[in-house]
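Asks: turn this into a model:
(one chain, ligands or ions: 1)
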Amino acid sequence: MYILHISAECFPIAKVGGLADVVGALPKYQEASGITSKVIMPFYEKDFVKKHDPIGFTKGNLLLGLEEYYYEVLEYDKKTLGFELFLVKIFGLTDKENVYGYPYDVERFTAFQKVVADFILNQEVKPEIIHCHDHHSSLIPFFTGHCYKYNALKDIPTILTIHNAQYQGWFGYEKMHYLPEFPADKKGVLDWYGQINPLATGIKSAWKVTTVSPNYLGELQEKANGLEALLKQENNKSLGILNGIDDKLWDPKKDKYLKSNFDKKSIKKRQANKDWICKEFNLNPDLPLISFIGRFVHEKGSDLLAETINYIFNELNLKTNVLILGSGDGQTERSLNDIKAQFEGKYNNYIGYNEELAHIVYGGSDFLLMPSRVEPCGLNQMYAMRYGAIPIVSNVGGLKDTVIDFDEGEQGTGIVCYDISAHEIGFAIKRAVVVYKNKTFFDTKKTQIMNIDSGWKKSAAEYIKMYQSLTLKS
Ligand code: GLC
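Replies: Model prediction:
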């Protein structure tokens, strides 16, 4: 079987969030189980392309509206990453540094998807499954299903995996001429509330829709940034498959970024990571270390962090450390910097994205805080558990599928916060401080969560089952 994954992000080439981790890991596990799994994504002017030369490339010209663009599809063999990789470099559009945030993102990702469809059309051996991830590739099932040019591809099953339904890639009908030609009666497939909505188009056109956790699938029918009715309507072809984590890359015993490697038998060595963090950030190693790692966006609840920190120190008088690692919303960054002086010695932050530091923080923190309002799967809680940091999470999306509250009895794996406000998060942190003081319980739980198997094996098998159900039918 040959699967082609299409995505805007893939670790280690370009990462903004968890999407990259998933698209960087799943193909490796698929390859290991005997499936040919390849990734095609936009080119970005980042370290990866500076360090790795492609083994070859194909070239062509693309028409987007009235503009013509020259492009190259760079090819990397399996030796580089464990799966074949293709980078779409469209000169003037996808030869930039950043993944998102250009005023012409609609043009970038529409052009990218047209090149991908052409690329598949020209491939001698065609994929048996086209697997799209999020809205940056979700027009492809429409192209292959309905556009004249790609008629030869219409029998290849398409899958759309939703990693985040908040972003849908909307654009107006004045840009409809960017798309390949299709029969007039298919215009409605593009539409959602009077706009062209690539994510909605993908949900309607793909043969199967998956979400990155089972619970998120149910949640989307109630709360999906306007797509609730559509997801209800397409429920029959949808399923939730929980993400795994790359447990070879994320292995505290071998992790090259950690200051001190450890496993559950040598868990004492974990402390050296905490000590390093506390020294680096002027925190107290004798008190619990509660960390947050993530983008500062409303979905992640990061706007509540400064208020929560104020609350736990000024009102609850908790004896703990808090460390925040991330970047994003300017107001959140400012509020987190503003309180630094006031809580010196027990609170600090690192504004930015730093993969290496993130690994150390998982390997040295006692607790990892994730007060997300929306969390389709969440990988950080799984990284944390594998590294022996107890998750403090909200009760949404994949967090609900992966963390059980200590109050539920022996199987408990963390602290669940049932409401998202500074007050409730503060209360959850208070529970964490109590847990920290109960040495026996704390130590038992750390080992217990490190034992959880969050690898890709099980989920990769579920994807294969789904692929087979589609290829056997066709
Ligand atoms: C997105 C979601 C996150 C999920 C990740 C990978 O970043 O916000 O919850 O874990 O995609 O699927």
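
Asks: quick one: Leu316 from Ala422, how far?
Replies: With distances taken as Cβ to Cβ, to the nearest Å, Leu316 is found 11 Å from Ala422. Placement of C-beta: from N, CA and C, glycine included.

Asks: what do you get for Thr211?
Replies: From Thr211 across to Ala422, the span is 29 Å (Cβ to Cβ).

Asks: what about those two, which has more around it?
Replies: For Thr211 against Ala422, the residue with the higher neighbour count under other Cβ atoms under 10 Å is Thr211, and the figures read 28 against 20.

Asks: for the residue lying closest to that one once chain neighbours are set aside, which residues are in contact?
Replies: Taking Cβ to Cβ, 6 or more residues apart in numbering, and ignoring the residues beside it in sequence, Thr211 has Leu217 as its nearest neighbour in space, at 4.3 Å. By Cβ atoms under 8 Å, 6 or more residues apart in numbering, Leu217 lies in contact with Thr211, Leu231, Ser238, Leu239, Gly240.

Asks: doesn't the fourth one lie inside a helix?
Replies: No - following the definition DSSP: H, G, I helix; E, B strand; the rest coil, Leu239 is strand and is not counted among the residues of a helix.

Asks: just give the number of residues close to the residue in the stretch 151-300 of the chain that the ligand sits nearest to.
Replies: With distances taken as Cβ to the nearest ligand atom, the stretch 151-300 of the chain approaches the ligand most closely at His163, which sits 3.4 Å away. By other Cβ under 10 Å, the residues close to His163 number 23.

Asks: now swap in Gly145 and tell me
Replies: 22.

Asks: was I right about it contacting Leu160?
Replies: No - Gly145 lies out of contact with Leu160 (Cβ atoms under 8 Å); the separation is 11.6 Å.

Asks: what's the residue of the stretch 151-300 of the chain closest to the ligand sitting at in phi/psi?
Replies: Note on His163: backbone dihedrals following degrees, to the nearest 10 are phi -90, psi -30.

Asks: count the neighbours of Ala428 for me.
Replies: Other residues within reach of Ala428 by the criterion other Cβ under 10 Å amount to 24.

Asks: in the stretch 351-474 of the chain, what residue lies closest to the ligand?
Replies: Among all residues of the stretch 351-474 of the chain, Cys377 sits closest to the ligand, at 3.4 Å; criterion: Cβ to the nearest ligand atom.

Asks: now do the chain
Replies: Each residue of the chain has a distance to the ligand, by Cβ to the nearest ligand atom, and the smallest belongs to Gly18, at 2.7 Å.

Asks: quick check, pLDDT for that residue.
Replies: Looking at Gly18, its pLDDT is 94.

Asks: quick check: it touching Gln381?
Replies: No - with contacts counted by Cβ under 8 Å, Gly18 stays clear of Gln381, the gap being 10.9 Å.

Asks: who has more neighbours, the two?
Replies: Here Gly18 and Gln381 are set side by side on neighbour count (other Cβ under 10 Å), and the busier one is Gln381, at 28 against 25.

Asks: which strand or helix spans that one?
Replies: Using DSSP states H and E, Gln381 falls within helix 380-386.

Asks: could you measure the residue nearest to Tyr2 when sequence neighbours are not counted against Tyr467, distance?
Replies: The shortest distance from Tyr2 to any residue other than its chain neighbours is 4.3 Å, reached at Thr36 (Cβ to Cβ, 6+ apart). Using Cβ to Cβ, we find Thr36 at a distance of 12 Å from Tyr467.

Asks: overlap in contacts, the two.
Replies: Listed as contacting both Thr36 and Tyr467 by Cβ under 8 Å, 6+ apart are Met1, Ile3.

Asks: out of these two, which sits in the more crowded spot?
Replies: For the pair Thr36 and Tyr467, the greater number of neighbours falls to Tyr467 (20 against 17), based on other Cβ under 10 Å.

Asks: OK, contacts around the more buried one?
Replies: Residues touching Tyr467, when contacts are defined by Cβ under 8 Å, 6+ apart, comprise Met1, Ile3, Ile35, Glu128, Ile129, Pro157, Ile159.

Asks: give me the buried subset of those residues.
Replies: Among the contacts of Tyr467, those classed as buried by neighbour count (16 or more other Cβ atoms under 10 Å) are Ile3, Ile35, Glu128, Ile129, Pro157, Ile159.

Asks: could those residues go into TSV alongside secondary structure, pLDDT and distance to Lys79?
Replies: Formatted as TSV, the entries for the buried ones among the contacts of Tyr467 read as follows, by DSSP: H, G, I helix; E, B strand; the rest coil; pLDDT from 0 to 100; distance: Cβ to Cβ, whole Å:
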residue	secondary structure	pLDDT	distance to Lys79
Ile3	strand	98	19
Ile35	coil	94	18
Glu128	coil	98	24
Ile129	strand	98	24
Pro157	coil	98	29
Ile159	strand	98	27
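
Asks: could I get these in a markdown table, plus columns for distance to the ligand?
Replies: As requested, the buried ones among the contacts of Tyr467 are exported to a markdown table (distance: Cβ to the nearest ligand atom, whole Å):
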| residue | distance to the ligand |
| --- | --- |
| Ile3 | 17 |
| Ile35 | 20 |
| Glu128 | 23 |
| Ile129 | 18 |
| Pro157 | 21 |
| Ile159 | 14 |
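
Asks: how deep is the spatially closest residue to Val435 that is not a sequence neighbour tucked in, by neighbour count?
Replies: What sits nearest to Val435 in space, not counting adjacent residues and going by Cβ to Cβ, 6+ apart, is Phe442, at 5.7 Å. For Phe442, the number of neighbouring residues by other Cβ under 10 Å comes to 16.

Asks: good, wrapping up.
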